[in-house]
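> let's see this in three dimensions:
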Amino acid sequence: MALSSGERVRAAVAALMQLAGETQGDLATALGVSQAQVSRRQSGTAAWPLDDCDRVAAHYAIDVLDLLAGPTRACEGLSPTRRRSAQRQ
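Numbers count the residues shown, from 1 in each chain. Prediction:
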């Protein structure tokens, strides 16, 4: 079964956060929202608004269409300089 758009975005955001070594709090600060808002969006209780999808994509310096395509495309677009180093794992 294919993922819904919301599921793809949630999976992409989770993958990007992990690859970049960021927490929900880090992303919330970058977006200017609360950590609780990011948590609700990531749990599926609330949806990611399109404007915030644009902000997430800008934060990770990827194309918003890559974010909407899901975790594989989103992570492929993430610059190696944004990925956490082996020391920070």
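> longest helix of the protein, counting residues only.
Across the chain, the helix with the greatest residue count (assigned by DSSP state H) is helix 5-20.
> for the residue positioned nearest the centre of the chain, give me its contacts.
Centroid-nearest residue in the chain: Val13, 2.1 Å away (criterion: Cα atoms, centre = their mean). Going by Cβ atoms under 8 Å, 6 or more residues apart in numbering, Val13 touches Leu27, Arg41, Gln42, Trp48, Val56, Leu67, Ala74. In this view, the C-beta of every residue, glycine as well, is placed from N, C-alpha and C.
> kindly report the same for Arg40.
Taking Cβ under 8 Å, 6+ apart as the test, what Arg40 contacts is Ala46.
> assign it to helix, strand or coil.
Three-state assignment for Arg40 (DSSP: H, G, I helix; E, B strand; the rest coil): helix.
> before we move on, what about the one 5 residues further on?
Thr45 carries the three-state label coil when classified by three-state DSSP.
> could I get the pLDDT score of it?
With respect to pLDDT, Thr45 scores 97.
> and for Met1?
70.
> ok, it to Ala11 distance?
Computed with Cβ to Cβ, to the nearest Å, the distance linking Met1 and Ala11 is 14 Å.
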